[in-house]
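J.: the following comprises the amino acid sequence and a computationally predicted model.
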Amino acid sequence: GAVVSQHPSWVICKSGTSVKIECRSLDFQATTMFWYRQFPKQSLMLMATSNEGSKATYEQGVEKDKFLINHASLTLSTLTVTSAHPEDSSFYICSARSGYGETQYFGPGTRLLVL
Amino acid sequence: SQQGEEDPQALSIQEGENATMNCSYKTSINNLQWYRQNSGRGLVHLILIRSNEREKHSGRLRVTLDTSKKSSSLLITASRAADTASYFCAELFSNFNKFYFGSGTKLNVKP
């Protein structure tokens, strides 16, 4: 089956630094990738939808300049948390789908802790 | 708000009993999907039901969909302790460009 990887799986950083999270589709071409954030004991909140070769579409309340998303190729999307603060500490999960496929393939998630 | 409602928020049952979780969604969907998440881990896809389907089965799972009420239910029969997890429904918009999760049900199956 289709596999989506995320790297890193864990990251701890100091407040004010930027962190880049990669999401890769390993055996299919992902025309669309979604980025989610999940706080403890809560559901997944969609942050943005990323289509290959175009700008990401951000959900209301998500700061574009804070969470930079790049989907430069059909197998890679990156999320950069700029000038991270402790309140950005969360579990970040990406998903990918090919073409107009119905199935979303989820990455294993990246846990970010900002000190 | 993105999230549809799921109820109950938490459910505690004995092993062997059935567990039913309900999901209400907000949009015109292409399909609705159910996922399981063990504590602090990634998502496991359970089942997908399309907007033109009313019921679907997969092993011990049974999913129903009522598009007139914008609701779905997930039934887990003969539950096991290993079923303990959080369960989420997720709606794929008709335009395929958004995929929103419900608020989730935390299921605890006691051995």
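T.: Here it is on my side, so go on.

J.: number of nearby residues for A:S18?
T.: A:S18: 11 surrounding residues under other CB atoms under 10 Å in any protein chain shown. Yep, even glycine has a C-beta here, placed from its N, CA and C like the rest.

J.: isn't it right up against A:L79?
T.: No. If you go by CB atoms under 8 Å, A:S18 and A:L79 don't touch, sitting 10.8 Å apart.

J.: let me know the secondary structure of the closest residue to A:S54 other than its chain neighbours.
T.: Nearest residue to A:S54, sequence neighbours excluded (CB to CB, 6 or more residues apart in numbering or on different chains): A:H71, at 7.7 Å. Three-state call for A:H71 (DSSP: H, G, I helix; E, B strand; the rest coil): strand.

J.: quick one: contacts for A:H71?
T.: Contact partners of A:H71, counting by CB atoms under 8 Å, 6 or more residues apart in numbering or on different chains, are A:33, A:50-54, A:56, A:77-78.

J.: ok, now how distant is it from A:T57?
T.: Distance from A:H71 to A:T57, counting by CB to CB, to the nearest Å: 11 Å.

J.: overlap of the contact sets of those two?
T.: Counting by CB under 8 Å, 6+ apart, the residues touching both A:H71 and A:T57 are A:50-51.

J.: can you give me the end-to-end span of stretch B:13-30?
T.: 32 Å (CA to CA, to the nearest Å).

J.: buried set for it?
T.: B:13, B:19-25, B:29-30 (16 or more other CB atoms under 10 Å in any protein chain shown).

J.: that older thread, need the pLDDT of the residue nearest to A:S54.
T.: A:H71 carries a pLDDT value of 87.

J.: before we move on, what about the one 5 residues further on?
T.: Per-residue confidence at A:L76 stands at 93 (pLDDT).

J.: tally of neighbours for it?
T.: For A:L76, using other CB under 10 Å, the count is 16.

J.: OK, contacts around it?
T.: A:22-25.

J.: run through the bridge partners of it.
T.: A:R24, A:S73 (DSSP bridges).

J.: distance-wise, check it relative to chain B.
T.: Using CB to the nearest CB, to the nearest Å, A:L76 is found at 19 Å from chain B.

J.: ok, the residue lying closest to A:L74 once chain neighbours are set aside - how many residues close by?
T.: Nearest residue to A:L74, sequence neighbours excluded (CB to CB, 6+ apart): A:Q29, at 3.9 Å. A:Q29 is flanked by 12 other residues according to other CB under 10 Å.

J.: what of the one 3 residues further on?
T.: A:T32 is flanked by 21 other residues according to other CB under 10 Å.

J.: so it sits against A:T103, correct?
T.: No. Counting by CB under 8 Å, A:T32 sits too far from A:T103 to count as a contact (11.7 Å).

J.: give the residues shared as contacts by those two.
T.: With CB under 8 Å, 6+ apart as the test, A:T32 and A:T103 both reach A:R97.

J.: redo the contacts of A:H71 as JSON lines? Include secondary structure.
T.: JSON lines is the format used below for the contacts of A:H71 (three-state DSSP):
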{"residue": "A:M33", "secondary structure": "strand"}
{"residue": "A:S50", "secondary structure": "strand"}
{"residue": "A:N51", "secondary structure": "strand"}
{"residue": "A:E52", "secondary structure": "coil"}
{"residue": "A:G53", "secondary structure": "coil"}
{"residue": "A:S54", "secondary structure": "coil"}
{"residue": "A:A56", "secondary structure": "coil"}
{"residue": "A:S77", "secondary structure": "strand"}
{"residue": "A:T78", "secondary structure": "strand"}
